[in-house]
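Peer 1: Next input, structure requested:
(chains A, B, C and D)
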Protein chains: 2
Amino acid sequence: MVTLPLINLWLREIAISTLHDVARAARVSTSTASRYVRGVGYVSPATGARIEVAMRQVGYRPNAIARSLRHQRTHTLALVVPEIENPFYTTVSRGVEDGANAEGYAVIFCNTDEQEVKQGRYLQALLERQIDGLLFVPCGDSTAHCRMLDDAKVPYVFIDREIPGTRDAVLGDNVDGARQLTHHLVSLGHRRIGLVGGNSKDSVSRERRAGYELALAQAGFTYDPALVREGDWSIESGHHLALDLLGITDPPTALVCGNNLVAVGAILALNRAGCRIPEDVAVVCFDDIELASLIEPFLTVAVQPAYEMGRRATTLLLDRIARRRDDTAVRDVLPTHLIIRRSCGAPAPDGRTDPPPSTWIGRRYKTPGHGALVTASMNL
Amino acid sequence: MVTLPLINLWLREIAISTLHDVARAARVSTSTASRYVRGVGYVSPATGARIEVAMRQVGYRPNAIARSLRHQRTHTLALVVPEIENPFYTTVSRGVEDGANAEGYAVIFCNTDEQEVKQGRYLQALLERQIDGLLFVPCGDSTAHCRMLDDAKVPYVFIDREIPGTRDAVLGDNVDGARQLTHHLVSLGHRRIGLVGGNSKDSVSRERRAGYELALAQAGFTYDPALVREGDWSIESGHHLALDLLGITDPPTALVCGNNLVAVGAILALNRAGCRIPEDVAVVCFDDIELASLIEPFLTVAVQPAYEMGRRATTLLLDRIARRRDDTAVRDVLPTHLIIRRSCGAPAPDGRTDPPPSTWIGRRYKTPGHGALVTASMNL
DNA sequence: CTGTTAGCGCTTTCAA
DNA sequence: TTGAAAGCGCTAACAG
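Peer 2: I've put the predicted structure just below:
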């Protein structure tokens, strides 16, 4: 740690200037200055010009806090997610950011680490800060927290996960995604397919499990509960559950994983147990593992339109805030797409295992509005 | 898109209650209620109890906006990064979040996409919102923006990148990291080592380049400018520059990449050109590719302590805000560690190519405060 | 077209 | 130990 000479901050004597200062400099009342600044109401060209000059002179910058207090509206949203380091939520958050910016809203991001207590503290703090609305990926059993939000009359929209009750929600099609993943394995000839699930307390995990069961039923298999495990959404959980499944008599030849982190855990477990993927055990999962799959396309996945989910949820929330909608709850379920890659030991239907790298270059790497990362490789 | 029955929001008649309401319900003045709520000044036990009851009765929640206006302090920081989807910045942001929360500050995250215009709009908006301080990863030539911040007298701390001038900064040791990466390749017998750099306009890229040159000099090699390319920090740039380098006469047998995204681009280019890694060309880079390297440890990297950088910068900023430090600029350069993996075609010094997967399990996957992802595997 | 006035919800002297 | 009053910076009636 090195320290260097003086910082040249707090030196200049430019006091922070208010509308009052502008008004005084322009010899008008604050209300006139206010009208001019906001561009509403009548201001004669002459006085307007004077105010303009005064503004530059004193270096005026409007104070959003004072405005908020006056308007009872902060133009600030919050996004509460359980795990910001999961690329899925990172991409969701870009969608939210872009959606919010488009209407001049700022976003406060909060990370609950799947802990309800932390979530509670955040929500409390956010309500005190008078956020105008909330984008919410709840963790655990958040019914109490939802009541709190209802009481505070803060509009909110669920993303990815929802709490029982009639609320706005933008979700991925979990049932169908899991069904597709499972069906894919079935079509490759697998007969014993295990499920390494997420947290059974949350709707997402239950739906993915339902999709898994659906695919098995459609294939005419009898459902074997011994092949199904649930824990939470962590790498450790995936590792643990996969080891478990490997240990049973007549173990599965393929695993459907509840999400990307769980899949990482499962893959580590398989490596550790000396199982080759996909020769010994095939693996597929929900959500992509972004950079990894760019370089080494090895894992067949069901990807949700994360950016779009964030974006739509934000639009919906802003509509609520502006009361641009009637009071019927919206439940927007977005489709999930399969990206077929080699972790299951079979080529894609068209004979390729994956779009060749060249198709990734030339289109932008970014999420929509800037091009599309997952979406790009997804739709090829 | 499905719509369902009525939402039960805006139904109840619990008006949002203010300190005034509490005071009235408790039959005291607002100033007394205020004193009680904040726990300062004298309030007799009897009245205190009455106020306590009144608070619960009316469901009081302090209004942070009004407080901010009064105190001229919002207890809000902002974090401006160029690319939130890069895991490096995601991890930095966790450090920032934890540091801020520890002192009851909220954080507004902003994503500039490496665009100065976008950055300017954000800074403007943040200043209007009266943030108390800024954590800043500037993009491009941000000197004008820094002047703006100075004028507004908002304290700020650079993270990862800095703008010439004497300001607080928490940085990775770019020179040494690049030196280590390059030295590693030298020690494996490579004689022609290329540099696929980042954006030469920014200090980070220049420093990494300097480290690269230093290692070559220490090895007694003559510096060959034909082996050095710079562009920006994108996958496309890495792809383009790597292809370029492959095309020269006597092309490099190894590449040092400026960061993880650039490396992804370079690897795609090598694949496309039919080069095997590491047999034909070895690749190393700055920053890890998190999940990827958990599953398939293939890329030797120099990792910076991202979480720690975010955390320290935040502590420093909060110290500035609270005027807990004298006015000397701090420049905190954190060491970079090498993780040796197989992308360069050689085992680690101790004969292993990588810590075995088992060592990752059992310790938590999270960043410090929750365990450590990169840091954990790094220090084994 | 412009200015006066009364707050938004909270804190903070200063008197009582 | 408590309360009255002023005001943070801005906006919005309402007169003029």
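
Peer 1: From now on I want contacts and neighbour counts done on CA atoms only, so please keep to that.
Peer 2: Noted.

Peer 1: the strands in the stretch 1-150 of chain A, which residues?
Peer 2: For the stretch 1-150 of chain A, applying DSSP state E, counting those that start in this stretch gives strands covering A:2-6, A:76-81, A:106-111, A:133-136.

Peer 1: Just give the nearest non-adjacent residue to A:Cys275, would you?
Peer 2: A:Val281 (6.8 Å; CA to CA, 6 or more residues apart in numbering or on different chains).

Peer 1: my guess is the one you found contacts A:Thr253, does it?
Peer 2: Yes: judged on CA atoms under 8 Å, A:Val281 makes contact with A:Thr253 at a distance of 4.8 Å.

Peer 1: Which positions in chain A make contact with DNA strand D?
Peer 2: Contact residues, chain A versus DNA strand D (CA under 7 Å from any atom of the strand): A:18-20, A:30-31, A:34-35, A:37-38, A:61-64, A:66-67, A:69-71.

Peer 1: Inside helices: which ones of those?
Peer 2: Per DSSP state H, helices hold the following members of these: A:19-20, A:30-31, A:34-35, A:37-38, A:64, A:66-67, A:69-71.

Peer 1: Which of those residues lies at the shortest distance from chain B?
Peer 2: Chain B has its nearest neighbour among those in A:Ala64, at 4.9 Å by CA to the nearest CA.

Peer 1: Who are the contact partners of that closest one?
Peer 2: Counting by CA atoms under 8 Å, 6 or more residues apart in numbering or on different chains, A:Ala64 touches A:Thr74, B:Glu128, B:Arg129, B:Gln130.

Peer 1: Report the separation between the first one and DNA strand C.
Peer 2: Distance, A:Thr74 to DNA strand C, by CA to the nearest atom of the strand, to the nearest Å: 12 Å.

Peer 1: Kindly report the same for the third one.
Peer 2: In this structure, B:Arg129 lies at 15 Å from DNA strand C, with CA to the nearest atom of the strand as the measure.

Peer 1: hmm, back to that, ok, of the contacts of A:Ala64, which one's closest to DNA strand D?
Peer 2: Proximity of those to DNA strand D (CA to the nearest atom of the strand) peaks at B:Glu128, which lies at 8.6 Å.

Peer 1: Tell me how far that closest one lies from A:Val81.
Peer 2: Using CA to CA, to the nearest Å, one obtains 26 Å as the distance from B:Glu128 to A:Val81.

Peer 1: Let me know whether A:Gly194 touches A:Val228 as I believe.
Peer 2: Yes: using CA under 8 Å, A:Gly194 is in contact with A:Val228, at 5.8 Å.

Peer 1: These two: who's more crowded?
Peer 2: Taking other CA atoms under 10 Å in any protein chain shown, A:Gly194 and A:Val228 do not tie; A:Gly194 has more neighbours (25 against 20).

Peer 1: Regarding the more buried one, what is its secondary structure?
Peer 2: Under DSSP: H, G, I helix; E, B strand; the rest coil, A:Gly194 falls in the strand class.

Peer 1: Report the contact partners of it.
Peer 2: With contact taken as CA under 8 Å, 6+ apart, A:Gly194 is in contact with A:Leu227, A:Val228, A:Leu245, A:Pro252, A:Thr253, A:Ala254, A:Leu255, A:Val256.

Peer 1: From A:Arg276, how far out is it?
Peer 2: Distance, A:Gly194 to A:Arg276, by CA to CA: 16 Å.

Peer 1: With A:Ala66 instead?
Peer 2: 62 Å.

Peer 1: Tell me how far the spatially most central residue of chain A lies from A:Ile159.
Peer 2: Most central in chain A under CA atoms, centre = their mean is A:Val92, positioned 2.9 Å from the mean C-alpha point. Distance, A:Val92 to A:Ile159, by CA to CA: 9 Å.

Peer 1: For chain A, just list every one of the helices.
Peer 2: Remark: helices assigned in chain A by DSSP H are A:19-26, A:30-38, A:45-58, A:64-71, A:87-102, A:116-128, A:143-151, A:174-187, A:203-218, A:235-247, A:260-272, A:290-295, A:306-321, A:374-378.

Peer 1: Among the ones you listed, show me which one is buried the most.
Peer 2: Greatest average neighbour count among these goes to helix A:260-272 (a mean of 25), per mean count of other CA atoms under 10 Å in any protein chain shown.

Peer 1: quick revisit: quickly check the ones in helices among the residues of chain A next to DNA strand D for the two that are furthest apart.
Peer 2: Taking CA to CA, the two most distant members of those are A:His20 and A:His71; they sit 18.7 Å apart.

Peer 1: pLDDT weak spots in the stretch 251-380 of chain A?
Peer 2: For the stretch 251-380 of chain A, the stretches flagged by pLDDT under 70 are A:291-298, A:342-380.

Peer 1: go again using 90 as the cut-off
Peer 2: The stretch 251-380 of chain A contains residues with pLDDT under 90 at A:264, A:267-268, A:271-272, A:274-279, A:288-300, A:327, A:339-380.

Peer 1: Against A:Val137, how distant is the residue of it found nearest DNA strand D?
Peer 2: Here the stretch 251-380 of chain A gets closest to DNA strand D at one residue, A:Ala322, 14.7 Å apart by CA to the nearest atom of the strand. Distance, A:Ala322 to A:Val137, by CA to CA: 22 Å.
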